[in-house]
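Trainee: Need the 3D shape of this:
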Amino acid sequence: MPLARLRNLSLSNKCLLLFGGAVTIIIVIALTVPWLRMNALVGAGQLEISRELLNIWSELDETDRAPTLLGGATVQEFSIPDAHAAAEHDRFIRSAVRAFTRNESANERLSGSWEGGTKRYRYARARRDETGKLIGLIVLERRSPGAAIQLVVNTLYLLAAGMVVLGVAVLLFHGILTRIILSPVRSLRETAERVRDGDLSTRSQIQTGDEFSELAETFNLMLGELQTKQDRLRAINAALDGRLSELAEVNRALAEAAQIKGEFVANVSHELRTPMNSILGFAELLLEIAKAERQHLIEANQSIPVALTKRERYLQNIVNAGRTLLEMIESLLEMAKLEAGRVEVKVEPMSVGQTCESLVALIDPLARRKGLEVVLDVHADVPIIETDVKKFSQIVFNLLSNAVKFTSGTVDQRGRIILRAERLAPSGLDADDAKVRVSVIDNGPGISEEDQKKLFEKFSRLDRDGTQPGTGLGLAICRELANAIQAEIQLVSEEGHGSMFSLIAPVRLDPARIEETRLEARFRGTLHGRRAWAEQQDPA
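Mentor: Numbers count the residues shown, from 1 in each chain. All right, here's what the predicted structure looks like:
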């Protein structure tokens, strides 16, 4: 508690308190020596008086030795037995007998005590025989008001001198402290308060020529640097305000452009998809007619005209090109929706095993056409999951299609694709952290590390010679769809040893993350539009 109060005092009060306490201790120690010396001198004087009185008493005849002599002094003579008897209740006599007995050279003893405002002295003298043996003692008892007054006066003089010295020392220290230390400190504090109020033009005017002057000079230099930096920051802020206004206009234009782009892609894709469906439908109808004519001629054992063969080949090319173009339109429309954040996630229970079985049934005819084997491997502990069934199936089917597209058998080894589904144990104590991994494993040519870095980018294709159909958007769409259902796609591949694409999805979706994912996709789409705008503004 005293330390807490001391911390709350000002610097001036702390210094005065500490200095005053130190000076008081020094004065007390310094005055104790003369005070003891004065008391010793008074005691020596009283000893001499007692000695003279007892000498006078000793010179008197025994008949004249009255119990009270010379101003009230009382003298008693004790034999050794009487002294021992008196020592039982008189401490002074007891101590005198003990001292005279132990030390043959000790012959007198004086003791003083206060009785009210008077000093009482008792003086004892030893009586010894010719051999030095103690045979008795004489005790003189007297009261001395003068000695008491002398002791009190000496003490008062010393106390007064100490108070005067203490007062002068404190006054001098206070003046020195205020002039040399507190005044510069207060000046620096006032300057700091003005700086705190925002006045950076103020400067300290301390010119003491000591460390405080150096501190003030350093403080002024710091203020100058602060003022320079503040002016620079104000200029930068002014430029930033203008730049922010420009960026706000650009962002507004980008938002409008992104909206227009999305609407344009959606409208154009829809407008293109409608006639393409018609063209593809009529082309397939004509192709079926050509195939029916070929079948009719074969059944009639007639030769097939060259024109019919060419027509059938041309129609097949039209159908293939139409399907590729329609796939591209569908991919562009899907990517536009993903970038615009207009993807709705419909969560429902799904059996992973049944879904994988259906996907294998869809891809198996295409795989057989290329001579590939598709194997389904679903572990027994794979649980029912809650996810968007359509998006989950679209991702896995796209991975299967790519595996079929880029895998081909050899003379020594048949092409093989494995669709494996397994349950992953929770990474922590939370049981809701369980996940399911669906992997597409092939023994195709594999993917180099360089190609793996850009494989999920838009319009990125590994088929550099263009022999394989595709838009280069499949894996980019798969990545966005996986992000929408809170899943991730992992790739493990080594060139010449096949590839493994894995879709890792949670057993249950987090409802709070669905909206966050949609907004994040929209934000990434806006950033993509901003980069495209920047590239147009600065082609270099």
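
Trainee: Run through the neighbouring helices and strands of the lengthiest helix in the chain.
Mentor: Longest helix in the chain, counting residues (DSSP state H): helix 211-299. Helices and strands touching helix 211-299, by 3 or more Cβ pairs under 8 Å, 6 or more residues apart in numbering; DSSP states H and E, are helix 183-196, helix 306-340, helix 511-537. C-beta here means a position set from N, CA and C on the backbone, and glycine is covered the same way.

Trainee: Let's verify the nearest residue to L54 once chain neighbours are set aside: helix, strand, or coil?
Mentor: Using Cβ to Cβ, 6 or more residues apart in numbering and skipping the chain neighbours, the partner closest in space to L54 is L140 (5.0 Å). Three-state call for L140 (DSSP: H, G, I helix; E, B strand; the rest coil): strand.

Trainee: repeat for H89
Mentor: Per three-state DSSP, H89 ends up coil.

Trainee: got the contact list for the closest residue in space to L455 that isn't next to it in sequence?
Mentor: Leaving aside its sequence neighbours, L455 sits nearest to L475 (Cβ to Cβ, 6+ apart; 6.0 Å). By Cβ atoms under 8 Å, 6 or more residues apart in numbering, the contact set of L475 is 398, 402, 455-456, 460, 489.

Trainee: In ChimeraX, how would I select just the buried ones from those?
Mentor: Buried residues within those, by 16 or more other Cβ atoms under 10 Å, are selected in ChimeraX with:
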select :398,402,455,456,489
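
Trainee: Any chance of JSON lines for the contacts of L475, columns pLDDT?
Mentor: Shown next, in JSON lines, are the contacts of L475 (pLDDT from 0 to 100):
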{"residue": "N398", "pLDDT": "89"}
{"residue": "N402", "pLDDT": "87"}
{"residue": "L455", "pLDDT": "80"}
{"residue": "F456", "pLDDT": "79"}
{"residue": "S460", "pLDDT": "68"}
{"residue": "I489", "pLDDT": "91"}
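
Trainee: Return the subset of the contacts of L475 lying in helices.
Mentor: 398, 402.

Trainee: now, which of the contacts of L475 sits nearest V185?
Mentor: Set against V185, the nearest of those by Cβ to Cβ is F456 (66.5 Å).

Trainee: Surely that closest one and A476 touch.
Mentor: Yes. Using Cβ atoms under 8 Å, F456 makes contact with A476 at a distance of 5.9 Å.

Trainee: low pLDDT regions in the stretch 51-200 of the chain?
Mentor: 61-71 (pLDDT under 70).

Trainee: Do a quick rundown of the strands in it.
Mentor: Under the criterion DSSP state E, counting those that start in this stretch, strands of the stretch 51-200 of the chain are mapped to 68-69, 73-79, 108-115, 118-128, 134-144.

Trainee: want to try JSON lines for those strands, with mean neighbour count and distance to S393 as columns?
Mentor: Shown next, in JSON lines, are the strands of the stretch 51-200 of the chain (neighbours: other Cβ atoms under 10 Å; distance: least, Cβ to Cβ, whole Å):
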{"stretch": "strand 68-69", "mean neighbour count": "14", "distance to S393": "134"}
{"stretch": "strand 73-79", "mean neighbour count": "17", "distance to S393": "129"}
{"stretch": "strand 108-115", "mean neighbour count": "15", "distance to S393": "113"}
{"stretch": "strand 118-128", "mean neighbour count": "20", "distance to S393": "118"}
{"stretch": "strand 134-144", "mean neighbour count": "19", "distance to S393": "123"}
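
Trainee: Kindly provide the distance from F19 to S95.
Mentor: As judged by Cβ to Cβ, to the nearest Å, F19 and S95 stand 45 Å apart.

Trainee: hang on, I meant K458
Mentor: To S95, K458 is 114 Å away according to Cβ to Cβ.

Trainee: Then G112?
Mentor: Using Cβ to Cβ, G112 is found at 14 Å from S95.

Trainee: How about the contacts made by the residue lying closest to A73 once chain neighbours are set aside?
Mentor: Once flanking residues are discounted, A73 sits nearest to R142: 3.9 Å by Cβ to Cβ, 6+ apart. Residues near R142 by Cβ under 8 Å, 6+ apart: 50, 53, 71-74, 120-121, 123.

Trainee: what's the closest non-adjacent residue to L372?
Mentor: L372's closest residue in space is G415 (Cβ to Cβ, 6+ apart), at 4.2 Å.

Trainee: helix, strand or coil for G209?
Mentor: At G209 the chain is in coil, as set by three-state DSSP.

Trainee: circling back to that earlier point, check contacts around the residue nearest to L54.
Mentor: Counted by Cβ under 8 Å, 6+ apart, L140 has contacts 50, 53-54, 57, 73-75, 122-125.

Trainee: what is it paired to in the beta sheet?
Mentor: V75, Y123 (DSSP bridges).

Trainee: So, low pLDDT: which residues of the stretch 201-350 of the chain?
Mentor: Using pLDDT under 70, the stretch 201-350 of the chain drops low at 257-259, 261-270, 272-273, 328, 331-342.

Trainee: repeat that with 80
Mentor: Along the stretch 201-350 of the chain, the model assigns pLDDT under 80 to residues 201-202, 204-216, 219, 250-278, 280, 319-344.

Trainee: So which bits of stretch 284-292 are buried?
Mentor: Quick answer for stretch 284-292 (16+ other Cβ under 10 Å): 284, 286-287, 290.

Trainee: so can I have a markdown table of those showing distance to D129?
Mentor: Shown next, in a markdown table, are the buried residues of stretch 284-292 (distance: Cβ to Cβ, whole Å):
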| residue | distance to D129 |
| --- | --- |
| E284 | 160 |
| L286 | 166 |
| L287 | 163 |
| A290 | 168 |
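
Trainee: Looking at those, which one is closest to S358?
Mentor: E284 (24.7 Å).

Trainee: show me the contacts for the closest one.
Mentor: Shown in contact with E284 (Cβ under 8 Å, 6+ apart): V319.

Trainee: Next, count neighbours for V374.
Mentor: By other Cβ atoms under 10 Å, 22 other residues sit near V374.
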